[in-house]
Structures are given as C-alpha cells and as structure tokens.
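Trainee: Here is the input, now give the coordinates:
(one chain, ligands or ions: 1)
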Amino acid sequence: MNRVVCPGSFDPITFGHLDIIERASRLFDEVVIAVLVNQTKSSLFTVEERMEMIREVTAGYKNVKVDSWSGLLVDYCETNEIPVIVKGLRAVTDFDYELQMSQINLQLKGIETLFMSTAPAHSFLSSSLVKEIASYDGDVSSYIPEPLVGRLRERLALVKSTRVNQG
Ligand code: PNS
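Mentor: Purely as a prediction, here's the structure:
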C-alpha cells in the first residue's frame with residue numbers, strides 16, 4: 001500500500017492545504033495528515049483542536065486519516081512505516097526552507113519528500129495570513145472552510161479579550 005504523510009502545523013487548515021491533500025488522496029492509497037509542532041511558530045489552536053477541525057473538513061475523503069506527533073517528523077514516518085512525505089510548494093519563497101527540510105529528513109532516516117505545486121488560486125495563502133486578516137475582522141471565507149470561520153473568530157476574540165484584561 002502506498003501511504004504518504006502530509007505534515008504541517010495546520011493552525012488552522014486552509015483551502016491551500018486541502019487542495020494538496022485532495023490531490024494527494026487521488027495519487028496514493030492513503031494520506032495521513034500529521035499535525036506537528038513547528039518550533040518557529042506559536043499556535044492559536046491546540047493540537048487536539050486542529051485535529052478535530054481537520055477531521056471535520058476531510059470527513060468526505062475515505063483514504064485520508066488525521067494524526068499528531070510531538071517529535072521529529074522522520075521518527076513519525078519510521079514508527080508508522082510511512083516512507084514518503086508530501087508537501088505543497090507555493091512559490092520560490094518556500095523552496096529554500098522546504099529543500100533544507102527534505103534534505104535533512106533524507107539524511108536522518110532516508111525519508112523521501114515529494115513536492116506538489118500549489119494550485120495558483122492558493123499560491124499566496126497561509127494560515128498566518130488568514131489569522132492576520134481575521135484579527136482585523138477581514139473576510140476569510142474564501143481561504144478556510146466555512147465551519148472554521150466562526151471558530152477562528154471566536155478564538156481571536158478570546159485572545160484579544162485576554163490581552164485587554166491583562167492590561
Ligand atoms: O505547516 P508548517 O509549519 O510549515 O510545517 C512544518 C512542520 C511542522 C512539518 C515542521 O516544522 C516539522 O517537521 N516539525 C517537526 C520537527 C522536525 O522534524 N523538524 C525537521 C527536522 S529539524
């Protein structure tokens with residue numbers, strides 16, 4: 001069976017991620033979406049919340065599973081016998097970082113990375129931008145699935161009110 005992992009922080013999952021996942025699900029027998037920790041980012045949602053949102057919006061895909069891992073991605077791959085990572089590339093700005101990650105993952109445990117080019121309609125999209133737009137009450141309904149829009153607004157409002165209360 002051809003199993004691949006689509007790793008990421010997914011904070012929250014966007015239509016850009018879903019495009020890659022959907023296309024990968026047509027190419028491979030099973031796609032595991034793995035929510036991992038990116039130490040360079042602070043997250044708005046807990047890992048459990050992110051998994052729950054991903055499960056909700058990928059429920060229609062029978063060969064897509066959702067999981068999480070708090071260690072190295074290559075250790076996840078080795079433990080779960082998944083030899084291939086699939087990642088989306090939006091633009092050249094992604095390339096340096098993704099190349100470095102793919103090379104280190106190959107060197108650490110022989111795990112291969114396949115890159116899929118993001119559909120042009122999503123090439124500018126990132127979870128960070130979506131959060132920034134929503135934090136200024138901008139419309140993010142074209143960027144994340146409808147059930148997540150309200151959750152994102154609620155979480156941002158909570159964060160804002162916590163900050164105000166803390167002075
Ligand atoms: O969606 P992101 O934030 O671009 O995803 C990056 C992620 C989470 C896939 C990456 O940071 C990662 O693999 N984290 C787990 C730790 C790890 O294996 N790091 C790479 C080798 S140093």
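Trainee: Am I right that residue 67 sits in a strand?
Mentor: Yes: for residue 67, which was evaluated using DSSP: H, G, I helix; E, B strand; the rest coil, the result is membership in a strand.
Trainee: sec struct for the residue lying closest to it once chain neighbours are set aside, please.
Mentor: Distances taken as Cβ to Cβ, 6 or more residues apart in numbering place residue 34 nearest to residue 67, at 5.1 Å, with adjacent residues excluded. Yep, even glycine has a C-beta here, placed from its N, CA and C like the rest. Put simply, residue 34 is strand when judged by three-state DSSP.
Trainee: Tell me how many other residues crowd residue 34.
Mentor: Each residue near residue 34 was counted by other Cβ atoms under 10 Å, and the total is 22.
Trainee: doesn't residue 7 make contact with it?
Mentor: Yes: taking contacts as Cβ atoms under 8 Å, residue 34 lies within contact range of residue 7: 4.7 Å.
Trainee: Going by neighbour count, which residues of the longest helix along the chain are buried?
Mentor: In the chain, assigned by DSSP state H, the helix with the most residues is helix 146-165. Neighbour-count burial for helix 146-165 flags 148, 149, 151, 152, 155, 156 (criterion: 16 or more other Cβ atoms under 10 Å).
Trainee: quick one, strands of the protein?
Mentor: Under the criterion DSSP state E, strands of the chain are mapped to 3-8, 30-35, 64-68, 84-89, 112-117.
Trainee: Now tabulate those in CSV and tack on distance to residue 129.
Mentor: As requested, the strands of the chain are arranged in CSV below (distance: least, Cβ to Cβ, whole Å):
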stretch, distance to residue 129
strand 3-8, 15
strand 30-35, 19
strand 64-68, 23
strand 84-89, 15
strand 112-117, 19
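Trainee: Around the ligand, pick out the residues from this protein.
Mentor: Residues of the chain found near the ligand (Cβ under 6 Å from any ligand atom) are 7, 8, 9, 36, 37, 38, 41, 72, 73, 101, 104.
Trainee: With neighbour count and pLDDT added, can I get the residues you listed in TSV?
Mentor: Compiled in TSV, the residues of the chain next to the ligand are given as follows (neighbours: other Cβ atoms under 10 Å; pLDDT from 0 to 100):
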residue	neighbour count	pLDDT
7	22	98
8	22	98
9	18	98
36	19	97
37	13	92
38	12	91
41	11	92
72	15	98
73	22	98
101	15	97
104	15	98
